[in-house]
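Enquirer: the following comprises the amino acid sequence and a computationally predicted model.
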Amino acid sequence: MAKANRQLFVGVDMGGTDIKATVTDADGNILFDAFPKVLSLASEGPKVTVGQLKIAAEKALELAGATWDEVISVGLDTPGPASLDGVLGRSPNLKHPEWPNFAIRAAFEAAIGKPVKYSNDGNAAAAWEYHRLYGDAKDKILGAVILGTGLGGALVQGGDVLTGVRGYGAEFGHVRLPTYELVTDGDVPVCGCGKKACAEAFISLTALDRQLRKIFERGEHPEHPLRQIPDEGRARAVRLLGLAQKGDALAQDLFDQQAKALGFLLVQLAHSFDPHIFLIGGGSPRARRPSARATCASSRKPSAGRPSRCSARRSKSHTPAIWTGRVAAARR
């Protein structure tokens with residue numbers, strides 16, 4: 001039952017696999033602890049997914065004991081790239097042919113009858129992390145890389161997300177990496193965007209899946225337990241983190257390769273933006289994060305009188321940060 005005079009805000013995080021939603025009051029307090037998950041069904045096309053977004057928001061409202069009448073506005077994030085108004089570009093992780101140029105913010109707003117404010121997922125998470133670390137400070141710069149199925153990024157200066165003129169700024173997953181440092185067999189990986197040597201082609205769950213498949217096709221590690229799992233979706237790759245934490249040599253080697261590539265990416269970004277800190281969110285290379293730091297530190301040499309410095313830290317709250325960042329945007 002609705003409570004009188006409440007003003008609520010909903011945050012909805014859409015991924016390529018599932019959707020998560022939360023509800024806060026006007027003071028930013030999250031109204032429940034268990035975050036419902038709803039399948040995004042992105043492979044079935046955007047119209048189906050918009051329906052799933054509405055279902056996720058309604059499940060969150062039910063957990064909060066709330067109704068749509070109490071909602072002031074909704075924050076939505078999705079995988080990028082996308083325009084400032086939520087018109088999606090050609091995302092490597094949204095495969096249905098109707099996704100490119102789909103106006104998801106407008107479609108979701110029409111479905112729920114409430115104002116919807118949009119951001120891509122990396123920007124939403126980074127905005128909240130900046131607030132968590134620096135509050136209202138206006139003199140800090142934070143860079144973020146968000147690892148998952150693909151590789152997202154964000155840049156925040158003085159609390160403002162630098163989106164670029166059209167919203168396509170800080171797509172760090174499509175920065176090219178030095179193949180002479182990372183490719184030893186001549187097989188340069190192709191990104192989902194169609195180009196070679198993008199960072200996402202080296203650093204993502206998709207990249208792990210590709211690397212693992214190559215190793216098994218060469219006949220290496222014939223007794224490895226992952227050979228018993230069918231090569232469907234990314235079922236094998238998602239198990240690598242747990243194996244790495246248990247000391248599995250193959251899994252740790254794959255994470256070392258991703259961490260090395262991440263280090264080279266951070267070097268390029270540090271030279272371009274010189275932030276106070278990089279935050280690493282998501283799941284992939286946390287098992288071997290020191291490798292990223294070592295590559296970053298060893299590769300960025302002092303130049304032009306400037307000392308070598310590269311600070312990278314894992315986000316302590318990546319997943320909640322996306323949802324909370326979406327709610328924060330809805331409240332603006």
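Expert: All right, it came through fine.
Enquirer: note down every partner strand of whichever strand or helix holds Asp13 and its orientation.
Expert: Assigned by DSSP states H and E, Asp13 belongs to strand 8-14. Here strand 8-14 is paired, per DSSP bridges, with strand 18-24 (antiparallel), strand 71-78 (parallel).
Enquirer: quick check: mean pLDDT across that strand?
Expert: Taken as a whole, strand 8-14 has a mean pLDDT of 93.
Enquirer: one more: stretch 23-38?
Expert: 86.
Enquirer: next, format the strands paired with strand 8-14 as TSV and append mean neighbour count and distance to Gly65.
Expert: C-beta here means a position set from N, CA and C on the backbone, and glycine is covered the same way. Output for the strands paired with strand 8-14, formatted as TSV (neighbours: other CB atoms under 10 Å; distance: least, CB to CB, whole Å):
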stretch	mean neighbour count	distance to Gly65
strand 18-24	24	9
strand 71-78	25	13
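Enquirer: now this protein, which segments are flagged as low pLDDT?
Expert: For the chain, residues meeting the criterion pLDDT under 70 lie at 1-4, 283-311, 314-332.
Enquirer: center of it, which residue is that?
Expert: The residue lying closest to the centre of the chain (CA atoms, centre = their mean) is Ile146, at 3.9 Å.
Enquirer: start and end of stretch 10-24, how far apart?
Expert: Its start and end residues considered, stretch 10-24 measures 7 Å (CA to CA, to the nearest Å).
Enquirer: ignore the last one, stretch 40-50
Expert: 8 Å.
Enquirer: mind exporting stretch 116-131 as CSV, just the C-alpha atoms?
Expert: Provided in CSV are the C-alpha atoms of stretch 116-131 (Å, rounded to 0.1, in the frame of the first residue of the first chain):
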residue,chain,number,x,y,z
VAL,A,116,13.2,8.6,-17.7
LYS,A,117,16.7,9.9,-17.5
TYR,A,118,19.4,8.0,-19.4
SER,A,119,23.1,7.1,-19.0
ASN,A,120,25.3,4.3,-20.2
ASP,A,121,26.3,1.8,-17.5
GLY,A,122,29.9,2.9,-17.2
ASN,A,123,29.0,6.5,-16.7
ALA,A,124,26.3,5.7,-14.1
ALA,A,125,28.8,3.6,-12.0
ALA,A,126,31.6,6.2,-12.3
ALA,A,127,29.4,9.1,-11.3
TRP,A,128,28.4,7.3,-8.1
GLU,A,129,32.0,6.2,-7.3
TYR,A,130,33.2,9.8,-7.7
HIS,A,131,30.6,10.9,-5.2
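Enquirer: and it, which residues are buried?
Expert: For stretch 116-131, the neighbour count (16 or more other CB atoms under 10 Å) marks 116-131 as buried.
Enquirer: likewise stretch 78-97?
Expert: Residues of stretch 78-97 classed as buried: 78-84, 86-89, 91-94, 96 (neighbour count, 16+ other CB under 10 Å).
Enquirer: what's the answer for stretch 144-159, then?
Expert: The neighbour-count check on stretch 144-159 (16+ other CB under 10 Å) flags 144-157 as buried.
Enquirer: most widely separated two among those?
Expert: Thr149 and Gln157 (27.5 Å; CB to CB).
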